[in-house]
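Student: need the 3D shape of this:
(one chain, ligands or ions: 2)
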Amino acid sequence: MKIFNAQQIYDADKWTIQRQGISSDELMERAAMQLFNWIHSRLQGGGTPLYIFCGIGNNGGDGIALARHLVEHGYHVMPFVVNYSETRSKDFLHNMERLKERKVWPVFLNDADDLPEIPKEAIVIDAIFGIGLNRPPADWVVKLIQHINGSQAFTLSVDIPSGMFVDRPVADYNGVIQANFVLSIQAPKLVFFLPETGRFVNQWQALDIGLDPAFLAEMSTDFEFITKYELLPAYRSRERFTHKGHYGHTLVIGGSLGKIGAVALASKAALKAGAGLVSSYVPQCGLVPLQSQLPEAMVIVDQGEGAITNIKFDVAPTVIAMGMGLGTDDNTKKTVGDFIEDTEIPVVLDADGVNILAQKPELLLKLPAGSVLTPHIGELKRLLGDWGNDFEKCEKAKNFSLQYDVVLVMKDAYTICWYKGRGYINSTGNPGMATAGSGDVLAGIIAGFMSQGYDALTAALFGVYLHGSSGDIAVEGMGYQALLASDLVDNLGNAFLALFEVPQAPPQESGGQNGQGGNQA
Ligand SMILES: NC(=O)C1=CN([C@@H]2O[C@H](COP(=O)(O)OP(=O)(O)OC[C@H]3O[C@@H](n4cnc5c(N)ncnc54)[C@H](O)[C@@H]3O)[C@@H](O)[C@H]2O)[C@H](O)CC1
Ligand SMILES: [K+]
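Tutor: Residues are numbered from 1 along each chain as shown. Ligands and ions are numbered 1, 2, ... in the order given. Below is the predicted model of the structure:
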């Protein structure tokens with residue numbers, strides 16, 4: 001699902017109005033109907049008071065039109081106009097007239113003395129600012145936002161939490177609506193997925209208002225939200241007359257004394273992801289533990305006892321997953337550096353592998369074509385240097401991936417994979433996955449996909465998605481705290497099966513429990 005910027009949304013509006021021969025007012029009416037249907041199907045006409053705070057732009061217009069539908073269906077509606085400007089939009093004014101025709105007169109709020117009492121059992125509908133916010137709100141509007149946040153009432157934001165810009169960092173963290181739920185018009189916004197702004201969005205759902213599909217399909221976007229529907233066309237089924245040689249050979253290089261488990265997790269994950277063969281390259285201390293716990297993998301031992309000191313093997317892997325549990329021994333760093341410099345086999349570099357690149361940036365230019373880096377936030381900082389905010393972080397990550405022609409997997413609550421100037425935002429995962437070994441499993445899955453012939457980007461997208469999906473399935477049976485990285489491996493088969501489950505109802509683009517969500521690896 002494409003993620004549009006504000007200009008693209010305005011362009012799509014214009015085009016839709018022209019192409020479909022409708023007025024902008026009719027488009028707003030579609031948005032209001034979708035908002036109404038969503039609320040009505042949940043409240044079923046219940047008597048909960050609905051406090052609707054509307055700005056004077058089109059976001060406010062959505063709110064006023066919604067108020068009319070709710071009034072017509074007998075809801076207990078308390079509409080307010082947050083009168084922050086004299087420049088009202090045409091469709092806002094139009095909907096105000098319609099509401100007044102129904103003998104409903106919103107209360108106008110003009111300054112901080114006007115803040116209404118909001119009972120905590122009320123539902124607040126926030127339609128103050130939408131994607132048109134272009135400067136920090138006035139102080140009294142910030143006070144209103146704080147007042148709403150302090151009310152403890154369930155808060156539903158229309159399109160985007162008010163006070164949040166759609167394309168730049170928050171100006172004042174105390175001046176943004178803390179939304180329990182966001183009903184986002186047509187598509188989710190990038191800011192829902194970045195940690196600094198995403199924390200204001202607990203759950204969200206996109207409401208399709210029928211913007212011209214051909215126009216949307218043609219528009220190229222900087223970001224895409226990856227669900228199984230984006231991935232399924234790239235899935236390769238297992239053919240009958242094939243053997244293990246058709247599915248490639250993953251070599252996992254890593255481990256040091258006390259950290260052999262990382263290699264075991266990555267190796268098993270690669271096998272579970274479908275690699276035909278997996279070899280694990282470890283120091284000598286890894287031989288017995290690996291052979292005894294993972295009989296399906298072959299083990300190659302380095303000459304070093306407790307750490308890898310001189311990488312040498314005589315197999316011909318399709319892909320190499322490298323870095324998990326390596327440690328920081330000087331000999332290890334040297335042999336890994338030399339190896340990266342010489343090899344032409346695509347690598348999936350994780351953990352200490354990434355740190356070695358950060359220390360020796362000259363190696364970045366030597367990375368084999370089709371390689372993938374999977375840093376967590378700390379490793380990313382070592383690689384890119386610090387950033388001022390999430391937008392700057394994204395810009396740096398995008399440029400890094402472009403400069404070195406690698407897939408950069410930026411692991412976070414919503415992991416973003418960067419390639420060729422685009423960011424692919426993952427939709428699965430949960431905070432239970434913030435646990436030791438989770439990243440080793442991810443690197444193994446991605447390598448397992450690459451070994452089967454998937455290109456690096458597709459392998460990364462499948463890997464990140466299935467890793468998160470496996471975590472989501474696992475926590476259903478155990479909760480967040482008890483999740484272990486090995487549960488992610490054990491549930492990978494179920495995650496594959498879930499790819500092919502047909503939903504009972506048409507798929508709804510949604511995401512959520514953001515305060516609790518994320519596929520931290
Ligand atoms: N296709 C769609 O997604 C549709 C979305 N709709 C809704 O329209 C809003 C966007 O409406 P817009 O009028 O452009 O902006 P806002 O409602 O966000 O209003 C802001 C308004 O006020 C001015 N402004 C900006 N910042 C400030 C400030 N700090 N203080 C005072 N005034 C400010 C700005 O110039 C705007 O005019 C979108 O979010 C959806 O909710 C349509 O209903 C249907 C199509
Ligand atoms: K809003």
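
Student: with adjacent residues omitted, what lies nearest to the most centrally placed residue in the chain?
Tutor: Centroid-nearest residue in the chain: Y414, 2.9 Å away (criterion: C-alpha atoms, centre = their mean). Distance criterion C-beta to C-beta, 6 or more residues apart in numbering; nearest residue to Y414, sequence neighbours excluded, is F193 at 4.0 Å. From N, CA and C alone the C-beta is placed, and that goes for glycine too.

Student: quick check, pLDDT for the one you found.
Tutor: Here, the pLDDT recorded for F193 equals 98.

Student: at the contact with ligand 1, which residues of the protein appear?
Tutor: 9, 13, 27-28, 31, 55, 57-62, 84-85, 89, 129-137, 158-159, 185-186, 211 (C-beta under 6 Å from any ligand atom).

Student: returning to that earlier point: please report how far the residue nearest to the centre of the chain lies from T428.
Tutor: 9 Å (C-beta to C-beta, to the nearest Å).

Student: how does the chain divide into domains?
Tutor: 2-221, 248-500 (automatic domain parsing).

Student: for L232, which of the ones you listed is the nearest?
Tutor: Nearest to L232, of all the domains of the chain, is domain 248-500, at 6.4 Å by C-beta to C-beta.

Student: straight-line length of that closest one, end to end?
Tutor: The first and final residues of domain 248-500 sit 24 Å from each other (C-alpha to C-alpha, to the nearest Å).

Student: try stretch 224-240
Tutor: Termini of stretch 224-240 sit 34 Å apart (C-alpha to C-alpha).

Student: next, count neighbours for A214.
Tutor: 9 (other C-beta atoms under 10 Å).

Student: that one belongs to a helix?
Tutor: Yes: assessed by DSSP: H, G, I helix; E, B strand; the rest coil, A214 belongs to a helix.

Student: check what pLDDT it gets.
Tutor: 94.

Student: my guess is G325 meets T332, correct?
Tutor: No: using C-beta atoms under 8 Å, G325 is not in contact with T332; the gap is 10.6 Å.

Student: which of those two has more neighbours?
Tutor: G325 (28 against 23).

Student: phi, psi of that one?
Tutor: The phi/psi pair for G325 (degrees, to the nearest 10) reads phi 70, psi 20.

Student: residues contacting it?
Tutor: G325 makes contact with G254, G255, S256, K259, I260, G261, A262, V263, A351, D352, D440 under the criterion C-beta atoms under 8 Å, 6 or more residues apart in numbering.

Student: likewise L294?
Tutor: A264, S267, K268, S280.

Student: any idea which of the residues you listed has the most stuff around it?
Tutor: Among the contacts of L294, the one with the most neighbours (other C-beta under 10 Å) is S267, at 35 neighbours.

Student: so it versus Y281, what's the distance?
Tutor: For S267, the distance to Y281 (C-beta to C-beta) stands at 10 Å.

Student: between these two, what contacts are shared?
Tutor: V252.

Student: contact partners for S469?
Tutor: Per C-beta under 8 Å, 6+ apart, neighbours of S469: K228, T428, G429, A495, A498, L499.

Student: got a ChimeraX select line for the buried ones in the residues you listed?
Tutor: ChimeraX command restricting the contacts of S469 to the buried ones, with burial defined by 16 or more other C-beta atoms under 10 Å:
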select :228,428,429,495,498
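
Student: secondary structure class of the closest residue to ligand 1 within the stretch 301-450 of the chain, three-state.
Tutor: Per C-beta to the nearest ligand atom, F391 is where the stretch 301-450 of the chain lies closest to ligand 1, at 18.4 Å. Taking three-state DSSP as the rule, one finds F391 in the helix state.

Student: what do you get for E395?
Tutor: Assignment for E395 (three-state DSSP): helix.

Student: stretch 129-144 - what's its average pLDDT?
Tutor: Per-residue scores along stretch 129-144 average to 97.

Student: buried stuff in it?
Tutor: F129, G130, I131, G132, L133, P137, W140, V141, V142, K143, L144.

Student: quick one: low-confidence parts of the chain?
Tutor: Applying pLDDT under 70 to the chain flags the ranges 504-508, 513-521.

Student: could you rerun that using 90?
Tutor: 45-47, 112, 114, 242-246, 328, 502-521 (pLDDT under 90).
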